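Novice: give me a 3D structure for the following:
(2 chains)
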Amino acid sequence: MIELLVTVFSATFFVTVVRTTTPLLFAALGGLISDLSGALNVALEGMMLIAALTAVIVSVYAPWYVAVLSGIGAGAMLGALMALFHLRFKADIILVGFAVNILATGGTVFALSQATGGDKGTSINLQSKAVPAVNLSFLEAIPVIGPTLKALLSGHSILSWLGVFMVFAVWYFLFRTPYGLWLRGVGEYPAAPEAAGIPVAKVRAWSLVASGALAGIGGAQLAMFNYIGFTRDMTAGRGFIALGAVLLGARHPVGAMLAALLFGVFEALAIVMPNLFNWIPGEMIQTIPFVVTVLALILFSYRAQRARQMRTLSKI
Amino acid sequence: MAPLLEAISIGKTYPGGTLANDGVNLSVSAGEVHAVVGENGAGKSTLMKILFGIEQPDRGEIRLDGKPVNFANPRDAIDHGIGMVFQHFSLVPSFSVYENVVLGSEPRNGITFDREEAIAKVRALSEKFRLAVDPLPPVGQLPVGQQQRVEILKALYRDARILILDEPTAVLAPQEVEELFVAVRALVAQGRTVIFIAHKLPEVLEISDRITVMRGGKTVGSVNAKDVTEDSLATMMVGREIALRVDRAKGRGDLACEIKALKLTAENGVTVAQDLNLKVYSGEILGLVGVEGNGQAELLEAIAGLRPIADGVVYLNGTSLAPKTVLERRELGLASIPEDRIARGLATGATIAENLIATRLADKRFVRNGLLDLKAMKANALSLIERFSIRSGGPGYAVGTLSGGNMQKVVVARELSEQPKLLLVNQPTRGVDLGATQFIWKSLTDARDGGAAVLLSSADLSELLALSDRLVVFYRGKIVAAFVNSDDLTAETLGTYMLGLSSQDPETMRAALQ
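Specialist: Coordinates of the predicted model:
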């Protein structure tokens, strides 16, 4: 037990948590935007998976940032595809989302075997690149706290820093710009923005595109930093956990970040625990993040219900 | 003076062949309150949707300041200075008043939404036009009358010269109607023009300068408000003399339904009604008065068996209803005309014949050996269609294809096809035209004369005053006043109790409750 505590409070563990949180964070921000616009995006999982593979394959031939951009583009295009089917052809958004997920599971395996020349499991024989880590070694020069600061802040993916910035950017967009107001209005009561002359379908379409783009960054981080290379089904439910983080975070960007962090911590635990407790089956430990997600959502819905009751009570 | 806004021989046919507007003419002068009246289905709403750019006319022309204009969408109409307040508000509940007002045309500071500026503008507008609203609270927490002001402010913020109000009084209590009229007069005094859609004639006569009457998709004519009376307007609207008067009960019979110390709670445990004590006698109509949401609807639901009783008892002819299921209650002679005919009264996808027997699936006449007797169902439907003059293609048509008034007649026909002992009625004529209203009122009084005890709830006070023999007023889940109906009782008197502005002394109330 002591060993576990020592591990958890080490700087390396913190770095692991940031690493596991980053893909979840991007996906959660993406889910948040489309959810607030009134279109629940259940395809985050598939978008991340397709973006991950796209980024890996592109990185073989192009610099890492082009690969990341192509991952973003893949996610955005899937978002546009969803918008097309949902808004133009009036298909149910949940069904369209699952279609994307199914397309992703099968499609990535097919594309992978085409790209690798027959390997249907991993991209191990492709020379894919990684997203660079940000080296902040100069922090060590600061007296007293320097080494700790360096251990905590140095070595994160550049995308993790982008993630922190994106939390602020999404918050600013949603709550400080007119377009954010439009988006939230469209999600809550579309008749109102419609009467005010706001193009409701266009707002929804763009939020699905943005949602896909953000999920795409998450996919790129997953396959170009957390792991280098693509493995089939490597997202392993992260898209759905991210959707849980949106709800658990009370549909607010900062809340979504905290929820993503919570799930990130448990994912990191699932990574370090097998070394410490070899008597617990590894499969058990790997279920921890998912069990925690379910428990957190139950707790959240219970609390939300209580809060609603309290509100109606205080009104009377 | 040339008219400000003109519609000239507008024609509009909806897909499916409904001729909603057929040669409609409207001419509105600047600075006047112009009422457009007509029954439901007369084409008022279609005309307004055309003026606001939601629908495009198939024929005819719209002129603004004498120049022909063409509105492709509401945005165009807004840009030309036309604003519209719908009957169902277009407000985002969790947004504050000012956010709702500026939504779509926000003041900006770079890419940022300039909140200070928005609040200041809303304050200035609400002062200028005497539409007192606090800009800061979320709209969802405001009473309906204030939400309506937010809608009007929204239009004014977009510089509407012409303001279209679609049935603005339908959702308001009498006092709130007065406040709205004050605001409308302030608007006109400042040079704005108001088009007022309505079907309550006394209000129309009070507020408007000119009145255009529509019937069956055509304009019947335009008159000056001071040249007409309520009766002559009603005749123009309906096209024949219509008497919206019913005979009161000749005298009441025995006690039919008794409610003692009844308490009702919502799903989340909040009390919605308490201390309800009522006696309803056979052969009388007891009117339940109150602004919506004060417990009347819940009481009717509880008696019908759609809502559990938290405490207290309800007796029907000596039998306690609480342990009975809905079906058992119906067997005891209870019938119910629910508030929402589409959600609760009918299966819109099913046929008229099916809907007419939906409450009688245990009846041997229609169901034998577990199978529907289609012949008997059809015969039953034909006779009820005849008796209640339901205008339809036939018993095999889906209820969803009927007009609102005829749908309601199907509900009434089903509930009254056999004489009930206790009849619960909620909003019997909401969204129903005058002709059907007259018929439904007659059906209700016939049921009463046949010995039914009737509990009637309605948002329309004139309906309650016309039909009820006694009235009780609900306020915040309690009965706060009771009256024996007489010609001296007015909507204004009821209104003061509905809003909790006055209270009745217990003696008077007890006397009227007996």
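Novice: quick check: which ranges of chain B have low pLDDT?
Specialist: Scanning chain B for pLDDT under 70 picks out B:1, B:15-18, B:40-41, B:239-245.
Novice: centroid-wise, who is the farthest residue in it?
Specialist: Here the centre of chain B is the reference, and by C-alpha atoms, centre = their mean the most remote residue is B:Gly110, at 45.0 Å.
Novice: tell me how far it lies from chain A.
Specialist: 9 Å (C-beta to the nearest C-beta, to the nearest Å). No exception for glycine: its C-beta is placed from N, CA and C like everyone else's.
Novice: equivalent analysis for B:Thr351, please.
Specialist: Computed as C-beta to the nearest C-beta, the B:Thr351 to chain A distance reads 27 Å.
Novice: what residues does stretch B:306-317 touch?
Specialist: Residues from elsewhere that reach stretch B:306-317 (C-beta atoms under 8 Å, 6 or more residues apart in numbering or on different chains): B:256-265, B:271, B:276, B:298, B:301-303, B:320-322, B:326, B:329, B:332-334, B:421-422.
Novice: endpoints of that stretch, how far apart?
Specialist: 20 Å (C-alpha to C-alpha, to the nearest Å).
Novice: thinking again about what came up before, drop anything exposed from the contacts of stretch B:306-317.
Specialist: B:256-259, B:262-265, B:276, B:298, B:301-303, B:321, B:329, B:333-334, B:421-422 (16 or more other C-beta atoms under 10 Å in any protein chain shown).
Novice: take those residues and keep only those in helices.
Specialist: B:Glu298, B:Glu301, B:Ala302, B:Ile303, B:Arg329 (DSSP state H).
Novice: pull the contacting residues for the second one.
Specialist: So that's B:Glu301. B:Arg307.
Novice: tell me how many other residues crowd the residue of the stretch 101-250 of chain A at minimum distance from chain B.
Specialist: Closest residue of the stretch 101-250 of chain A to chain B, C-beta to the nearest C-beta: A:Ala196 (3.2 Å). A:Ala196 is surrounded by 24 other residues when neighbours are defined as other C-beta atoms under 10 Å in any protein chain shown.
Novice: mind listing what it touches?
Specialist: Counting by C-beta under 8 Å, 6+ apart, A:Ala196 touches B:Ser90, B:Leu103, B:Gly104, B:Ser105, B:Lys154.
Novice: which among these end up buried?
Specialist: Buried among the contacts of A:Ala196 by 16+ other C-beta under 10 Å: B:Ser90, B:Leu103, B:Gly104, B:Ser105, B:Lys154.
Novice: format the residues you listed as JSON lines; extra columns: distance to B:Asp209.
Specialist: Shown next, in JSON lines, are the buried ones among the contacts of A:Ala196 (distance: C-beta to C-beta, whole Å):
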{"residue": "B:Ser90", "distance to B:Asp209": "28"}
{"residue": "B:Leu103", "distance to B:Asp209": "32"}
{"residue": "B:Gly104", "distance to B:Asp209": "31"}
{"residue": "B:Ser105", "distance to B:Asp209": "30"}
{"residue": "B:Lys154", "distance to B:Asp209": "24"}
